[in-house]
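>>> return atomic coordinates for the entry below.
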Amino acid sequence: QVQLVESGGGLVQPGGSLRLSCAASGSIFRIGDMGWYRQAPGKQRDLVATISSGGMTNYADSLKGRFTISRDSAKNTVYLQMDKMEPEDTAVYYCNADVRATGRTIYYSYWGQGTQVTVSS
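Below you'll find the predicted structure:
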């Protein structure tokens with residue numbers, strides 16, 4: 001069993017910053033790509049950013065320059081630093097990780113429960 005637990009969401013004013021964390025735990029043999037997605041009310045879940053086990057990053061074009069993804073492989077944790085935040089960033093943010101569990105030979109995609117981020121004055 002593998003769990004992803006997000007933290008760091010909340011209310012922030014426009015122009016402010018927020019840092020999200022997501023820690024993976026359980027019977028983990030290896031973690032591949034990790035990433036963040038978000039879903040605003042009434043909209044589909046969209047990619048925010050991903051990071052490979054080797055540190056290669058990929059961002060949604062509209063978020064380049066404001067959001068930064070990073071990971072600490074020793075802690076099985078991925079982070080999302082969000083700067084210059086805008087009301088349009090309001091959404092539930094979900095962590096995702098491709099995990100090879102102990103005793104398994106393939107990777108499965110796991111999701112966190114989501115954390116609410118609200119940008120408002």
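
>>> which SS class is the residue in the chain sticking out farthest from the centre?
Most distant from the centre of the chain: Gly103, at 25.8 Å, with distances by CA atoms, centre = their mean. Three-state assignment for Gly103 (DSSP: H, G, I helix; E, B strand; the rest coil): coil.

>>> check what pLDDT the residue positioned nearest the centre of the chain gets.
With distances taken as CA atoms, centre = their mean, the residue of the chain nearest its centroid is Trp36 (2.8 Å). Note for Trp36: predicted pLDDT of 98.

>>> tell me where the model's unsure across this protein.
Scanning the chain for pLDDT under 70 picks out nothing.

>>> sorry, back to before: what helix or strand is the residue nearest to the centre of the chain on?
Using DSSP states H and E, Trp36 sits within strand 28-39.

>>> the protein: strands as residue ranges?
2-7, 10-12, 18-26, 28-39, 45-51, 57-59, 67-72, 77-82, 91-101, 108-111, 115-119 (DSSP state E).

>>> quick one: contacts of the longest one?
Read it as strand 28-39. 2, 20, 22, 24, 45-53, 69, 71, 73, 76, 78, 80, 89, 91-104, 107, 114, 117 (CB atoms under 8 Å, 6 or more residues apart in numbering). Heads up, the C-betas are built off the backbone N, CA and C, glycines and all.

>>> direction included, what does that strand pair against?
Partner strands and pairing direction for strand 28-39 (DSSP bridges) are strand 45-51 (antiparallel), strand 91-101 (antiparallel).

>>> for the shortest one, C-alpha coordinates in PDB please.
Coordinates of the C-alpha atoms in strand 45-51 are reproduced here as PDB (Å, rounded to 0.1, in the frame of the first residue of the first chain):
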ATOM      1  CA  ARG A  45      -8.000  18.300 -13.800                       C
ATOM      2  CA  ASP A  46      -5.000  19.900 -15.500                       C
ATOM      3  CA  LEU A  47      -1.200  19.400 -15.400                       C
ATOM      4  CA  VAL A  48       0.800  21.900 -13.300                       C
ATOM      5  CA  ALA A  49       4.200  20.400 -13.400                       C
ATOM      6  CA  THR A  50       6.100  17.100 -13.300                       C
ATOM      7  CA  ILE A  51       9.600  16.100 -12.300                       C
END
